[in-house]
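Undergrad: coordinates only, sequence not included:
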């Protein structure tokens, strides 16, 4: 005789660790799905110039770890105040995102909106004449049942 369940979490209730992570992300104003979507679309704000497209010469020099050059060589005030295009974003305020990372983000996001597809091999003909790999949304059992019907119809 099966025992009656007493206590514990109700079905669909998040565990304590998941609740803590959710609370921390909300406190930070971080939405992971939105973040992945922004990366996938290449809409990532440039952190170097705070989306302005410009940095001071001082920021530029310290980032590249180079010595002051040209007219900035002997003028620390000019180094601190003069603005140039951001080397990271090229003045757009949007950081460049590697195509592989963008592709990975699209792949991750696709799992939330579309079922995973898989290829099922189907032998054609009795003599092992060929194999067809078919991308399907059906379960393997449903697909094999339909394939059996098709074979019967073909005679």
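TA: Everything's here; your move. Everything numeric here is computed off the predicted structure, so don't read it as measured data.
Undergrad: Would you map out the domains in this structure?
TA: Structurally, the chain divides into domains by automatic domain parsing as follows: 26-113, 118-154.
Undergrad: Strands along this protein, start to end?
TA: 44-45, 54-56, 83-85, 94-95, 118-124, 130-136 (DSSP state E).
Undergrad: Can you spell out which helices and strands pack onto the third one?
TA: If I follow you right, that is strand 83-85. strand 54-56, helix 57-64 (3 or more C-beta pairs under 8 Å, 6 or more residues apart in numbering; DSSP states H and E). Any C-beta I mention is one placed from the backbone N, CA and C, and that applies to glycine too.
Undergrad: circling back: can you tell me which of the domains of the chain the model trusts least?
TA: With a mean of 67, domain 118-154 has the lowest mean pLDDT of those.
Undergrad: And for the closest residue to residue 31 other than its chain neighbours, the neighbour number?
TA: Spatial nearest neighbour of residue 31, excluding adjacent residues (C-beta to C-beta, 6 or more residues apart in numbering): residue 25 at 7.4 Å. Neighbour count for residue 25, taken as other C-beta atoms under 10 Å: 12.
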